[in-house]
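Enquirer: Following is a predicted model, sequence given first.
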Amino acid sequence: MTKATELDAALRARLAAIAQDNGYLTDVAQVYGPLDKVRDRAETPYIQYRPVRDARADTAGRQQLRRREYAIEVTFSKGDSESVLDNAHVDVLRCLGFNEYDVDKRFPGLDDGDDEAEMQYPVEGVTTMRVIISIAVLYSETYR
């Protein structure tokens, strides 16, 4: 299994832990990967993540340092208050260990100097609103 595949699985597990029972503000109903189909009228809030780009940052022999960027979308019903978007943004960063001093609690390779959130509010005919959080992870891949 490649390191990128391992990162995807680890990200999914971290995101699935976002629940009020675990001390978060958001109670995520489901986490979907890039190829999972979100059905119409899926229970909200739900998360869908996807790798956006994966680029070489450096090379040494048969190894490359790579930077993998993810988009993490947290979707809510348009009937929810706008504060749920801010709560979800904070919860996603917390589950990844942003600015966590204990290295063991941080997502491996997390580039905590680079994140962004874009709020998308409902428009006419749309029944959901979402926050799209962009993060990046540095990892090393060996090519044998």
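Expert: Now that the structure is in, tell me what you want to look at.

Enquirer: Pull the contacting residues for residue 144.
Expert: Residues in contact with residue 144 (Cβ atoms under 8 Å, 6 or more residues apart in numbering) are residue 62. C-betas here are computed from N, CA, C, even on glycine.

Enquirer: one more time with 10 Å, if that's ok
Expert: 62, 63 (Cβ atoms under 10 Å, 6 or more residues apart in numbering).

Enquirer: cool, residue 31 as well?
Expert: 11-18, 46-49, 72, 74.

Enquirer: try residue 8
Expert: Going by Cβ under 10 Å, 6+ apart, residue 8 touches 2, 33, 34, 49, 50, 51, 68, 70.

Enquirer: Ramachandran angles for the closest residue to residue 100 other than its chain neighbours?
Expert: In this structure, residue 100 finds its nearest non-sequential neighbour in residue 106, 4.9 Å apart by Cβ to Cβ, 6 or more residues apart in numbering. Main-chain torsions, residue 106, degrees, to the nearest 10: phi -90, psi 150.

Enquirer: now swap in residue 21 and tell me
Expert: Dihedral angles (degrees, to the nearest 10) for residue 21: phi -60, psi -20.

Enquirer: Please tell me how far it sits from residue 98.
Expert: 21 Å (Cβ to Cβ, to the nearest Å).

Enquirer: what's the neighbour count on the closest residue to residue 87 other than its chain neighbours?
Expert: Of all residues not flanking residue 87 in the chain, residue 25 sits nearest, at 3.9 Å (Cβ to Cβ, 6+ apart). Using other Cβ atoms under 10 Å, the number of residues around residue 25 comes to 14.

Enquirer: Which helix or strand contains residue 25?
Expert: Here residue 25, judged by DSSP states H and E, is contained in no helix and no strand.

Enquirer: All good on my end, thank you.
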